[in-house]
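Visitor: 3D, please:
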Amino acid sequence: MISEKAVVQSENIGINAVIGEFAVIRPGAVIGNNVTVHPQVVIESGVVLGDNVEIFPGAYIGKEPKGPGLARKPSFEPWVRIGDHCNIGPHSVIYYEVEIGANTLIGDGASIREKCTIGRSCIIGRNTTILYSTVIGSNTKIMDLVNITGNSLIGENVFIAANTGCANDNAMGKLPYDEAAMLGPTIKDGASIGLGALLLPGVVIGEKAVVGAGAVVTSDVPDCAVVMGIPAKIKRYVSEG
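Guide: The predicted structure is shown next:
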């Protein structure tokens, strides 16, 4: 069912699609079967939604990255691919050149910048920001109010607790933007990051490592290590079994 008050400019609408009042579907967007687009959603050209996707009110899919005062000149291709059975929360914003795997939940008010890839069966929490050129593996959970900085790499089966922050610029914005120098953290498969931890530029969190709540990670963390404190220090190792 398509509301008479919706603006649907695409012919690529799947069977049993529901499009609510004041939703906007631009030319060339592709809407899969059994998709629900709630009121006041905007879906731009080049967006492809898989089957059984649900997009809640106020979400914006396919935003072009631009604006005054940006140190980094964004580059992107004008497409978004969202896999089957995904849920996109109210007022979330997904920029162009983003791919989201099947069965993934994007929480209310989340923002996902350009050139990001998110795997299958992930959770991106409420008001969490995933900045540009970040890769997130499948079955990873990133909770509410997390900031994942640009050029980060996050593996599979990772858990990142609420209010975690990441950085990618040791100069804190005082130098001209240099893509090669702006490196966010790498968090390897199975690692867990505790509530309110801070991960500084370029650090590597090893496989199955644990970062304690409130820790400030200034250097690499070995596989299976448990680190705590400011700065974070190794306290023990978890069993590899």
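
Visitor: and stretch 66-76, how far from the chain's centre?
Guide: 19 Å (C-alpha atoms, centre = their mean, to the nearest Å).

Visitor: Could you work out the end-to-end span of that stretch for me?
Guide: 11 Å (C-alpha to C-alpha, to the nearest Å).

Visitor: for that stretch, which positions count as buried?
Guide: P74, F76 (16 or more other C-beta atoms under 10 Å). Glycine gets a C-beta too; all of them are placed from N, C-alpha and C.

Visitor: what about T186, neighbour count?
Guide: 19 (other C-beta atoms under 10 Å).

Visitor: And for G206?
Guide: Residues near G206, counting by other C-beta under 10 Å: 18.

Visitor: contacting residues around it?
Guide: K188, A191, D220, V221, P222, D223, C224, A225 (C-beta atoms under 8 Å, 6 or more residues apart in numbering).

Visitor: Just want to check the distance between the residue lying closest to Y237 once chain neighbours are set aside and G190.
Guide: Distance criterion C-beta to C-beta, 6 or more residues apart in numbering; nearest residue to Y237, sequence neighbours excluded, is C224 at 4.9 Å. Distance, C224 to G190, by C-beta to C-beta, to the nearest Å: 9 Å.

Visitor: who has more neighbours, those two?
Guide: Taking other C-beta under 10 Å, C224 and G190 do not tie; G190 has more neighbours (20 against 17).

Visitor: Check what pLDDT the residue nearest to the more buried one when sequence neighbours are not counted gets.
Guide: Nearest-residue entry for G190: K208, 4.2 Å, with adjacent residues in sequence omitted and distances by C-beta to C-beta, 6+ apart. At K208, the pLDDT value in this model is 97.

Visitor: OK, contacts around K208?
Guide: With the criterion set at C-beta under 8 Å, 6+ apart, K208 makes contact with D189, G190, A191, D223, C224, V238, E240.

Visitor: Out of the residues you listed, which end up buried?
Guide: Applying 16+ other C-beta under 10 Å to the contacts of K208 flags D189, G190, A191, D223, C224 as buried.

Visitor: and which of these is nearest to L70?
Guide: A191 (31.0 Å; C-beta to C-beta).

Visitor: Can you report phi and psi for the closest one?
Guide: phi -70, psi 160 (degrees, to the nearest 10).

Visitor: quick one: contacts for it?
Guide: Contacts of A191 by C-beta under 8 Å, 6+ apart are G155, V158, F159, I205, G206, E207, K208, A209, V210, V211.

Visitor: Now the fifth one. Nearest residue, chain neighbours left out?
Guide: Taking C-beta to C-beta, 6+ apart as the measure, G206 lies nearest to D223, with 3.7 Å between them; neighbours along the chain are not counted.

Visitor: between the buried ones among the contacts of K208, which is nearest K174?
Guide: For the buried ones among the contacts of K208, the nearest to K174 is A191 (30.6 Å; C-beta to C-beta).

Visitor: Leaving out chain neighbours, which residue sits closest to C122?
Guide: With sequence-adjacent residues excluded and distances taken as C-beta to C-beta, 6+ apart, C122 is closest to T104, at 4.5 Å.
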